[in-house]
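Q: This is a predicted model, with the sequence first.
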Amino acid sequence: MEHPITRAAEHQRRTLDFMLDSLGLRHAHDEVARRDRVAELETTVAALSTENRALRAEVRQLEQQLYPLESEIATFEHEMDGRVALERERAAADRI
């Protein structure tokens, strides 16, 4: 009788093979090749994440150049909203 763990591992491998086939990716037919492929993919993911962060920082810089006063305007509007709310509270308190 086959052990459940072995059966589960085989099912996982078949599922992985199916997904790789669906995506058109290479198969790793032994554990060493799988480990090397995983390491390769981890390196690729790390590089893409670093590039993504750099691009997001560049976008923020470009937005600041394009809209240099936007953050100041947002701060001013927030301050004015606070002042208006405070005056409304005072007016409501005076009526009571």
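A: Alright, I've got the coordinates.
Q: starting at the chain centroid, how far to stretch 38-57?
A: Averaging C-alpha positions (CA atoms, centre = their mean, to the nearest Å) puts stretch 38-57 12 Å from its chain's average.
Q: pull the CA atoms of it into CSV?
A: This file holds the C-alpha atoms of stretch 38-57, laid out as CSV (Å, rounded to 0.1, in the frame of the first residue of the first chain):
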residue,chain,number,x,y,z
VAL,A,38,13.6,27.8,-7.6
ALA,A,39,16.8,29.7,-6.7
GLU,A,40,16.8,31.2,-10.2
LEU,A,41,13.2,32.3,-9.9
GLU,A,42,13.8,33.8,-6.4
THR,A,43,16.7,35.8,-7.8
THR,A,44,14.5,37.0,-10.6
VAL,A,45,11.6,37.9,-8.3
ALA,A,46,14.0,39.9,-6.0
ALA,A,47,15.4,41.8,-9.0
LEU,A,48,11.9,42.6,-10.3
SER,A,49,10.9,43.8,-6.8
THR,A,50,13.9,46.0,-6.6
GLU,A,51,13.2,47.4,-10.1
ASN,A,52,9.5,47.9,-9.1
ARG,A,53,10.5,49.9,-6.0
ALA,A,54,12.9,52.0,-8.0
LEU,A,55,10.2,52.7,-10.7
ARG,A,56,7.7,53.7,-8.0
ALA,A,57,10.2,56.1,-6.5
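Q: how about stretch 5-14: buried residues?
A: Within stretch 5-14, not a single residue qualifies as buried, counting by 16 or more other CB atoms under 10 Å. C-beta here means a position set from N, CA and C on the backbone, and glycine is covered the same way.
Q: For the helix or strand where A46 lies, name the packing helices and strands.
A: Secondary structure from DSSP states H and E places A46 in helix 31-66. Counting contacts by 3 or more CB pairs under 8 Å, 6 or more residues apart in numbering; DSSP states H and E, helix 31-66 is packed against no other helix or strand.
Q: Where does the prediction get shaky in this structure?
A: For the chain, the stretches with pLDDT under 70 are 1-4, 28.
Q: Now do whichever strand or helix holds R88 against helix 31-66, angle only.
A: Using DSSP H and E, R88 sits within helix 70-95. Interaxial angle of helix 70-95 relative to helix 31-66 (axes from the mean of the first three to the mean of the last three CA atoms, to 10 degrees): 70 degrees.
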